[in-house]
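**Student:** the sequence and its predicted three-dimensional model are supplied below.
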Amino acid sequence: MSPSFLLLLIPIIPLSLLAILSLIVRPKPIRIPIKSRHVFITGGSSGIGLALAHRAASEGARVSILARSPQKLEEAKRSIKLATGVEVAIFSADVRDYDAVSKAVEESGPIDVLIVNQGVFTARELEKHSVEDVRFTIEVNLVGSFNVIKAALPRMKGREGRGPGSISLVSSQAGQVGVYGYAAYSASKFGLQGLAQSLQQEVVADDIHVTLVFPPDTDTPGFEEEQKSRPEVTAIIAASSGSMKTEEVARRAMDGIKAGKFTVSCNFEGFLLSLATTGMSPQRSFWLAFLEVITAGPIRLVALFFQWDWYNAIEKWSKTKNK
């Protein structure tokens, strides 16, 4: 082959790949409206959920929030009213209680955009976790998500003429990669990946689109409390990726929901994690699909460097501990 012919092949190969990807990526691109629609948010009385409620209200949505504490719900309602002038509906229920969740969903009315955001977290080595702690974490974060979606889904499917719907699950970067001290939490958040992928296949024909949000450490009341008791190694590893403000996470999450993205990363590290762990996740953008294909090898190399750094930190800590 002549050098000129080989040079000609250089742009043809990636362009051909782009053309193929533009034909095969599924589901197809979609836009999810927020204005004048019913947005229902669990875990909406504080942290990321409250920031999402503020954002949805400011964009003209009818907002309902669900959480366990009536007092925190009232405080959240007042803060949203003061900031946006919007009166939100509040519902007190434990997501582990399917009947209570179903009652709240029924009272709130048909939901257009469901954001499943509730979560609990304790950073602790598995050996030091009580069985009750592990069960509580999985029941709130994973089983609670099933309860909320199952309760809302029948009426979401019956929203004829209301435009595309959305179900969003707020996971965590610890739902993409396991970290020291996060065994129970990561297990519950990794489970959301399988739930989201399967659910998208089940509801796409009903014009309902699933989004999975992966926030990093976020400046929430729960995160502040968790930092007081997290293992030393966890703190060392977590220091390699900075924390974010709730408002910024909420902005990126809402933008991703409106764009109909399946995966929403909130920072650059999260974007690299998403490239490295995309697996069988749906991809609406053929440009991002192209990036996932061509960076699979290099991103794996980056992931190995991160793992090297983390295990190096654990080894150093272990030596210091045993002196």
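**Tutor:** Good, I have the coordinates.

**Student:** so which helix or strand takes in Lys77?
**Tutor:** helix 70-84 (DSSP states H and E).

**Student:** buried ones in stretch 149-166, by neighbour count?
**Tutor:** Using 16 or more other CB atoms under 10 Å as the test for burial, stretch 149-166 gives Ile149, Ala151, Ala152, Leu153, Met156, Arg159, Pro164, Gly165, Ser166. Heads up, the C-betas are built off the backbone N, CA and C, glycines and all.

**Student:** for the residue nearest the centre of the chain, which three-state class applies?
**Tutor:** Centroid-nearest residue in the chain, with CA atoms, centre = their mean: Val213, separated by 2.2 Å. Using DSSP: H, G, I helix; E, B strand; the rest coil, the structure places Val213 in strand.

**Student:** list the contacts of Trp287.
**Tutor:** Contact analysis of Trp287 by CB atoms under 8 Å, 6 or more residues apart in numbering lists Leu18.

**Student:** what residues sit buried inside the helix or strand hosting it?
**Tutor:** Under the criterion of DSSP H and E, Trp287 resides in helix 286-321. Going by neighbour count (16+ other CB under 10 Å), the buried part of helix 286-321 is 286, 288-292, 295, 299, 303, 306, 310, 313, 317.

**Student:** before we move on, what about stretch 210-222?
**Tutor:** Neighbour-count burial for stretch 210-222 flags Val210, Thr211, Leu212, Val213, Phe214, Pro215, Pro216, Asp217, Thr218, Thr220, Gly222 (criterion: 16+ other CB under 10 Å).

**Student:** give me the below-cutoff pLDDT ranges for this structure.
**Tutor:** Within the chain, the segments meeting pLDDT under 70 span 1-10, 223-228, 240-241, 300-301, 303-304, 310-311, 322-323.

**Student:** helices along that one, start to end?
**Tutor:** 3-24, 47-58, 70-84, 98-108, 131-138, 144-157, 183-203, 221-227, 232-238, 246-258, 268-277, 286-321 (DSSP state H).

**Student:** deepest of those helices, which one?
**Tutor:** Highest mean neighbour count among those (mean count of other CB atoms under 10 Å): helix 47-58, with a mean of 25.

**Student:** distance of the closest residue to Gly47 other than its chain neighbours from Pro27?
**Tutor:** Of all residues not flanking Gly47 in the chain, Thr220 sits nearest, at 3.5 Å (CB to CB, 6 or more residues apart in numbering). Noted for Thr220: a distance of 31 Å to Pro27, by CB to CB, to the nearest Å.

**Student:** what does Asp207 give?
**Tutor:** Distance from Asp207 to Pro27, by CB to CB: 10 Å.

**Student:** same question, Val120
**Tutor:** 31 Å.
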